[in-house]
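next comes the sequence, and after it the predicted model I'd like to discuss.
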Amino acid sequence: MYGPTVDEQTRCVHYRTELDVIAIRYVCCDRYYPCHLCHEETADHPARPWPASARDQNAVLCGVCGTELSVNEYVSVDACPHCAAAFNPGCALHYPLYFE
């Protein structure tokens, strides 16, 4: 995990509510970051969103159980399909930063 995390469930200094338990694997560097701000502040390159043609690739990590989800899986659920940890619905506002 890269960026300024604050706990083992992928919360960061920017987003740390009970529901902020995912990290995004950035296609540009193949590294997991808790959020777009963490990537912006600590990566040495600009972020690139996952291309629409790669939505079947694992790109989201549940910070509670460690399950990796594809983009398609993640955007179609409100909670982890493995451990039922609820995801922050507000993250959908940032989908254009992460996924085409």
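That came through, no problem.

show me where the protein has helices.
Applying DSSP state H to the chain gives helices spanning 36-42, 71-75, 95-98.

pick the most deeply packed of the ones you listed.
Greatest average neighbour count among these goes to helix 71-75 (a mean of 19), per mean count of other C-beta atoms under 10 Å. C-betas here are computed from N, CA, C, even on glycine.

counting by contacts, list what it packs against.
strand 58-62 (3 or more C-beta pairs under 8 Å, 6 or more residues apart in numbering; DSSP states H and E).

show me what the strand it packs on is packed up against.
strand 22-26, strand 68-70, helix 71-75.

what about 6 Å?
Contact analysis of strand 58-62 by 3 or more C-beta pairs under 6 Å, 6 or more residues apart in numbering; DSSP states H and E lists strand 22-26, strand 68-70 as its packing neighbours.

that older thread, would JSON lines of the helices of the chain with mean pLDDT and distance to E8 be doable?
Below are these laid out as JSON lines (pLDDT from 0 to 100; distance: least, C-beta to C-beta, whole Å):
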{"stretch": "helix 36-42", "mean pLDDT": "96", "distance to E8": "15"}
{"stretch": "helix 71-75", "mean pLDDT": "97", "distance to E8": "20"}
{"stretch": "helix 95-98", "mean pLDDT": "96", "distance to E8": "22"}
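
would you format those helices as TSV with distance to D7 included?
Converted to TSV, those look like this (distance: least, C-beta to C-beta, whole Å):
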stretch	distance to D7
helix 36-42	14
helix 71-75	20
helix 95-98	21
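
related to what we said a few turns ago, highest average neighbour count across the helices and strands packed on strand 58-62?
strand 22-26 (a mean of 23).

and the contacts of that strand?
With contact meaning C-beta atoms under 6 Å, 6 or more residues apart in numbering, strand 22-26 is reached by T10, Y32, P34, H39, A47, A59, V60, L61, F87, Y98.

partner strands of that strand, parallel or antiparallel?
Paired neighbours of strand 22-26 in the sheet (DSSP bridges): strand 31-33 (antiparallel), strand 58-62 (antiparallel).

dump the ones you listed to a markdown table, plus distance to M1, mean pLDDT and mean neighbour count.
Formatted as a markdown table, these follow (distance: least, C-beta to C-beta, whole Å; pLDDT from 0 to 100; neighbours: other C-beta atoms under 10 Å):
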| stretch | distance to M1 | mean pLDDT | mean neighbour count |
| --- | --- | --- | --- |
| strand 31-33 | 5 | 97 | 21 |
| strand 58-62 | 8 | 98 | 21 |
